[in-house]
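Chemist: quick one, structure for this:
(one chain, ligands or ions: 1)
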Amino acid sequence: MKICIPIMATSLEESIIEARKTTEMKCDMLEWRMDCIEGKIRSDSFINAWNEIRKAAGNRPVIVTLRTKTQGGKKELSVSEYNAALRKIISEIKPAYIDIELAGSGSDANVRMLAVMAKKRGIGVIVSYHDLSFTEEARDIELLLCRMKYIGADIPKVAFTPNSEEDVEKLIRGASLAHEKIGDLIAISMGELGQKTRKEGDSIGSCINFVKPVGSGYDENSNTGQMEIE
Ligand SMILES: O=C1C[C@@](O)(C(=O)O)C[C@@H](O)[C@@H]1O
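Modeler: Here you go, the predicted structure:
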């Protein structure tokens with residue numbers, strides 16, 4: 001499982017600083033959570049910041065994510081705003097991966113369109129789905145992960161919120177069943193209750209473990225249950 005540190009700074013300048021700080025940390029990847037940047041972002045300053053983050057990452061791959069509010073992120077975007085923003089990101093920069101939200105993009109057809117566009121530019125595709133209050137049945141989690149794969153995900157990702165141990169087991173079962181069929185995925189049961197899905201992610205086919213640097217802030221929707229890294 002690759003260790004990935006999300007950069008959740010609120011400005012472009014801070015994002016660069018945070019990315020540089022990770023050079024000494026034991027991580028294999030970075031995720032730039034662009035939704036955490038406050039205010040409007042100008043195209044030229046965005047591209048400059050990206051170039052610096054890319055440099056700071058060295059040969060570690062970077063995931064670019066624009067997480068909408070209903071999916072646990074900071075940006076409130078309509079379906080058309082989300083799709084337009086992703087098209088812009090995909091056409092202006094070339095990260096290793098782009099995170100495409102199943103819910104944020106509005107339809108499987110829109111996910112497919114963005115995924116095709118990204119792949120043509122050599123960008124890997126993570127298709128993601130988050131539920132901030134609930135965990136589906138194992139079979140539904142399996143089907144969801146497979147559906148994401150078939151509509152264009154290189155790596156399908158789900159994060160569900162458990163309300164009991166049984167919910168954590170549902171996530172584990174659903175992910176394991178999907179892993180047998182489609183290979184690499186990311187499956188997270190959020191919060192302390194779900195921590196073993198992060199610690200023992202390998203056993204259910206999870207290929208990326210999102211972690212937070214020691215002392216970094218707590219975000220109630222994004223990093224509950226994440227392991228800490230020095
Ligand atoms: O989707 C995820 C998973 C995550 O929310 C977590 O709980 O580790 C962290 C996010 O930055 C990432 O985009």
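Chemist: what does the chain put close to the ligand?
Modeler: Within the chain, the residues that sit near the ligand (Cβ under 6 Å from any ligand atom) are 6, 31, 33, 65, 67, 72, 128, 157, 159, 188, 190, 210, 222-223, 226. All C-beta spots, glycine's among them, are computed from the backbone N, C-alpha and C.
Chemist: strands of the chain, residue ranges please.
Modeler: Remark: strands of the chain, listed N- to C-terminal, are 2-7, 29-33, 62-65, 97-101, 124-131, 155-160, 186-189, 208-213, 227-229; assignment by DSSP state E.
Chemist: and the first one, how far out from the chain's middle?
Modeler: Right, the one you point to is strand 2-7. Distance, stretch centre to chain centre, for strand 2-7: 10 Å (Cα atoms, centre = their mean, to the nearest Å).
Chemist: again with the shortest one
Modeler: Using Cα atoms, centre = their mean, the distance from the centre of strand 227-229 to the centre of the chain it belongs to is 17 Å.
Chemist: packing partners for it?
Modeler: Counting contacts by 3 or more Cβ pairs under 8 Å, 6 or more residues apart in numbering; DSSP states H and E, strand 227-229 packs against helix 195-199, strand 208-213.
Chemist: by contact count, what packs against the top helix by length along the chain?
Modeler: When the chain is parsed with DSSP state H, its longest helix is helix 165-182. If you count contacts as 3+ Cβ pairs under 8 Å, 6+ apart, helix 165-182 packs onto helix 138-150, strand 155-160, strand 186-189, helix 195-199.
Chemist: at 6 Å instead, please
Modeler: helix 138-150, strand 186-189 (3 or more Cβ pairs under 6 Å, 6 or more residues apart in numbering; DSSP states H and E).
Chemist: before we move on, back to that, any chance of the helices and strands packed on strand 227-229 in CSV, plus distance to N163, mean pLDDT and mean neighbour count?
Modeler: Below are these laid out as CSV (distance: least, Cβ to Cβ, whole Å; pLDDT from 0 to 100; neighbours: other Cβ atoms under 10 Å):
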stretch, distance to N163, mean pLDDT, mean neighbour count
helix 195-199, 15, 96, 18
strand 208-213, 21, 94, 21
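Chemist: of all the ones you listed, which lies closest to A19?
Modeler: Comparing the helices and strands packed on strand 227-229 against A19 with Cβ to Cβ, the closest turns out to be strand 208-213 (11.6 Å).
Chemist: give me the contact list for that closest one.
Modeler: For strand 208-213, the external contacting residues (Cβ atoms under 6 Å, 6 or more residues apart in numbering) are 1-4, 6, 186, 198, 201, 223, 226-229.
Chemist: out of these, who has the most neighbours?
Modeler: In terms of neighbours by other Cβ atoms under 10 Å, the contacts of strand 208-213 top out with I186 at 25 neighbours.
Chemist: no further queries at this time; thank you.
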